[in-house]
Structure formats: C-alpha cells, structure tokens
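*Asks:* give me coordinates for this.
(one chain, ligands or ions: 2)
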Amino acid sequence: MTKHFKTFGVIGAGAWGTAIAQMLAREGQTVHLWALEPEVADAINTARENTLFLKGVPLKPEIRATNRLEDLGTADAIFAVAPAQHTRVTLRALRASLRPGTPVVLCSKGIELATGEFMTQVLKDELPEAVPAVMSGPSFAIDVARGLPTAVTLAMEDAALGTELIQAISTPTFRPYLGTDLLGAEIGGAVKNVLAIACGIALGKGLGRSAHAALIARGYAEMTRLALALGAEAETLTGLSGLGDLVLTCSSETSRNMSLGLALGKGEALGDILAARNAVTEGVATAPVLRRLARARGIEMPISEAVAAVIEGEISVDEAITALLMRPVKAEAVKS
Ligand SMILES: NC(=O)C1=CN([C@@H]2O[C@H](COP(=O)(O)OP(=O)(O)OC[C@H]3O[C@@H](n4cnc5c(N)ncnc54)[C@H](O)[C@@H]3O)[C@@H](O)[C@H]2O)C=CC1
Ligand SMILES: O=C(CO)COP(=O)(O)O
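*Replies:* Ligands and ions are numbered 1, 2, ... in the order given. The predicted structure follows:
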C-alpha cells in the first residue's frame, strides 16, 4: 500500500532539526517542530526565525513549533534530531501518542554514553513499533537551510517504503540516496565526529596538511574496521554517510567537532571551549564510549583512543601526538 507522507514531526529545534524542518516544509505539508526551549518555539512561530540555534534564516510558514512532544504523535514520519545523549528521553515521551508503523528517521550522530548503544538500538528500546531509518551524510545545517545542494544517505530496511519517503522529502537541492544498512550509516556519522576532533588538533598544533590527510585516511581505516566488526557493510562506509561526512567534517571549521579540535590544538582548555559555545559537540561524548566499545571488541582504533584520552584528561595533546607517532610502523591493510 502506498504511504502518503503529508505531515512530518521533527524532534529537536537545534540547527539541524530546524534545517530539516525547513527542507521538509513545502506547500500542502505540515511540519511540527518540537523545541525544548519555550523561547525557541515562540520565536519560530512569531518571528519565523530560530534566533537561538539558526539565526538569520527566514523559516517557512508550514513549520509549526511546539513544546509538546505529543503534538508530533499523528505525523506520517518523524525525524529524531535531539543530540544523541537526549534522544532516548524524547523518543520515550512519544510512546503513548505515536502510531505503530510510523517511520522514525534518526538524524543525530553519536553513541549513548550510559549504554554504549547506537541510536537504532535506543529507538528499538523506546519505540519498538516504529519503523527505523537513519539519515546521515555530509550536511551542514546552514547549507541545507539556505538550500545549497546536499546529498545524504537515507537507510531503511524496507526499500519500497524508503523510496516513497525519499520521493516525499527530496528536492532538487536535497538529495537522499537510499540504503538499507542502518548500522553502517550510523557508525559513520558517530565516528567521524571523533576523527574530526583529531584532525582539528593536528591542524591547531601546526602539524600540516600531510598529517591531516594521513589522519583522515587512517581514521577511515579504523572507522571501517569497527563497522565491519559490528556487522555493517563496507559499501556504506565508502558512501555519503561514511567517507563523505568524514571528509566534510574533518576539512571545515564550520564543524563544531573540527573547531573544538583546533582550539585544543592551540592550547585552549576543553572546559573553556565547551563553556563558550551554544552548540552540541557530539564527539566529546562519543569518544570515551567509542573507545570502550572498540576495546571490548578488540578492535584497534588508535586515533579514537587518543582523542578519548585527551577528552578524559588522561593525557595532554602533546602526549597524544607523541603516542600516535611512536606507534610501530606496519602494513597498511592490516585489519585489526
Ligand atoms: N548542525 C549540523 O550541521 C548537523 C547536526 N547533526 C546532528 O544533529 C544533532 C543535533 O545537533 P544540532 O541540531 O546541531 O544541535 P544544536 O547544537 O544546534 O542545538 C542543541 C540542541 O540540543 C537540544 N537540547 C539540549 N538539551 C537537551 C535536553 N535535555 N533534551 C533534549 N534536547 C536538548 C537543544 O534544544 C537544541 O535543539 C546532533 O547529533 C548532531 O551531530 C547532524 C548533521 C548536521
Ligand atoms: O555532521 C555534521 C555535518 O555533516 C556537522 O558536524 P559538526 O557537528 O561537527 O558541526
């Protein structure tokens, strides 16, 4: 049976949730956007601007902001865009109102610190009757909100339903490519944030573009090792949600993760950097849990290990760099 996607719910009115709502909003469709902060919902509904998280972008009239998650319960599809550490509680709050079989598209990029779970597992725990999907790829919120060309992976097990959803949401400038490997898509999105911190540190320390490129390539190798060990498909990692997002995030100061690394490399303290920003930097929470996961499975992830150790205050930036450079040289294609 053909599913008609007319009404959308977006959980989280940060930069990315707001950009997704803007992309979804078009004539004849309604987008309910849940904001945690009353002033954000108010500004969107009255001034048609998200003054806290996405300043300067005039928002479309189809977007209706709300502070009540239950207002999203009747949507034909939900986009879950709260930061990874807050995703569980927002999904749980939808349990009573969401219709069984509703697609829930997970858009946050991270691993839950308390449980070590990726977002698909969190969704399964909290809304077992939802149809899971993952949307991930190289996509800065400001680019999407301004209508600049963007391509992402949208992974859903039911390819026919995924195709219908993509047809309902795609525009000439927002192009989701269908995949069926949800785990691969979410691993790429979570791990690239940690690797972007490493790249930022290297550039901030003045180690040069050769070191930067080496970190991206070796980071890609460790991301792929983890993905394959957890049962994801290699092709997903070569695509938009893997290599594509890794390249974007590791190369641009627009990335919060990359810019946090840059500041660390220049000698700023982690606490000061975080205190000065009004934006989530997912790699900070993901790095320690990623290290835990890799160690538990015996997967070698030296760059992510080094970032975790710096974030946890166990070693300095200089010690992390020395540790990486002192690693024994070995064959490039070693798998573990
Ligand atoms: N900004 C971007 O360009 C992109 C972001 N993402 C991902 O989207 C997710 C959300 O990031 P942004 O929209 O950029 O966030 P943001 O940094 O713009 O805003 C922070 C968000 O966290 C929410 N928040 C804070 N405390 C909360 C709580 N206790 N419960 C629920 N929500 C809470 C705020 O309401 C706000 O929506 C992250 O996982 C990020 O990795 C993915 C692709 C692009
Ligand atoms: O995921 C992103 C781009 O695809 C945004 O990255 P940051 O969270 O590092 O800004």
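*Asks:* what about the helices in the stretch 101-250 of the chain?
*Replies:* Counting by DSSP state H, counting those that start in this stretch, the stretch 101-250 of the chain has helices at residues 119-126, 141-145, 159-169, 182-204, 209-230, 234-238, 245-251.
*Asks:* any idea how many residues pack against T171?
*Replies:* The number of residues packed near T171 is 13, by other Cβ atoms under 10 Å. Every residue, glycine included, has its C-beta placed from N, CA and C.
*Asks:* right, and it touches M23 too?
*Replies:* Yes: applying Cβ atoms under 8 Å as the test, T171 and M23 come out as touching, 6.8 Å apart.
*Asks:* with ligand 1 as the reference, measure out to D245.
*Replies:* 8 Å (Cβ to the nearest ligand atom, to the nearest Å).
*Asks:* neighbouring contacts of the host helix or strand of A65?
*Replies:* In this structure, A65 sits in strand 63-66 according to DSSP states H and E. Strand 63-66 is touched from outside by 13, 21-22, 25, 30-35, 40-42, 44-45, 48, 72, with contacts defined as Cβ atoms under 8 Å, 6 or more residues apart in numbering.
*Asks:* around ligand 1, which positions in the stretch 101-250 of the chain sit nearby?
*Replies:* Contact residues, the stretch 101-250 of the chain versus ligand 1 (Cβ under 6 Å from any ligand atom): 107-110, 139-141.
*Asks:* out of these, which end up buried?
*Replies:* 107-110, 139-141 (16 or more other Cβ atoms under 10 Å).
*Asks:* near ligand 2, which of the residues of the stretch 101-250 of the chain next to ligand 1 show up?
*Replies:* 109, 139-140.
*Asks:* and of the residues you listed, the nearest to E300?
*Replies:* Nearest to E300 among those is K109, at 22.5 Å by Cβ to Cβ.
*Asks:* quick check: what element follows the strand holding A65 along the chain?
*Replies:* Assigned by DSSP H and E, the successor of strand 63-66 is strand 77-80.
*Asks:* send me that following strand as CSV with only the CA atoms.
*Replies:* C-alpha atoms of strand 77-80 as CSV (Å, rounded to 0.1, in the frame of the first residue of the first chain):
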residue,chain,number,x,y,z
ALA,A,77,7.0,10.3,9.7
ILE,A,78,9.2,11.6,12.5
PHE,A,79,12.8,12.9,12.2
ALA,A,80,14.6,12.5,15.5
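*Asks:* contacting residues around it?
*Replies:* Under Cβ under 8 Å, 6+ apart, the answer for strand 77-80 is 5, 8-12, 17, 20, 24, 72, 87, 90-91, 94, 98, 102-108, 119, 123, 130, 135, 165, 168.
*Asks:* mind listing what's buried along that strand?
*Replies:* For strand 77-80, the neighbour count (16+ other Cβ under 10 Å) marks 77-80 as buried.
*Asks:* filter those residues by proximity to ligand 1?
*Replies:* Within the buried residues of strand 77-80, nothing lies near ligand 1 by Cβ under 6 Å from any ligand atom.
*Asks:* can you list those residues in TSV and add distance to ligand 2?
*Replies:* Formatted as TSV, these follow (distance: Cβ to the nearest ligand atom, whole Å):
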residue	distance to ligand 2
A77	21
I78	20
F79	15
A80	15
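*Asks:* between those, which is nearest ligand 1?
*Replies:* For the buried residues of strand 77-80, the minimum distance to ligand 1 (Cβ to the nearest ligand atom) is 9.2 Å, reached by A80.
*Asks:* run through the bridge partners of the closest one.
*Replies:* I11, L106 (DSSP bridges).
*Asks:* that one and V152, how far apart?
*Replies:* 15 Å (Cβ to Cβ, to the nearest Å).
*Asks:* what about A130, how many neighbours?
*Replies:* 23.
*Asks:* that one and L106 touch, don't they?
*Replies:* No: look at A130 against L106 with Cβ under 8 Å: they stay out of range, at 10.0 Å.
*Asks:* quickly list what's touching both of those two.
*Replies:* L123.
*Asks:* and the residue of this structure that's closest to ligand 1?
*Replies:* Going by Cβ to the nearest ligand atom, ligand 1 is nearest to G14 of the chain, at 2.6 Å.
*Asks:* that residue - how many residues pack around it?
*Replies:* Neighbours of G14 using other Cβ under 10 Å come to 23.
*Asks:* same check, this time on M301
*Replies:* M301, neighbours per other Cβ under 10 Å, totals 24.
*Asks:* go on, E314?
*Replies:* 10.
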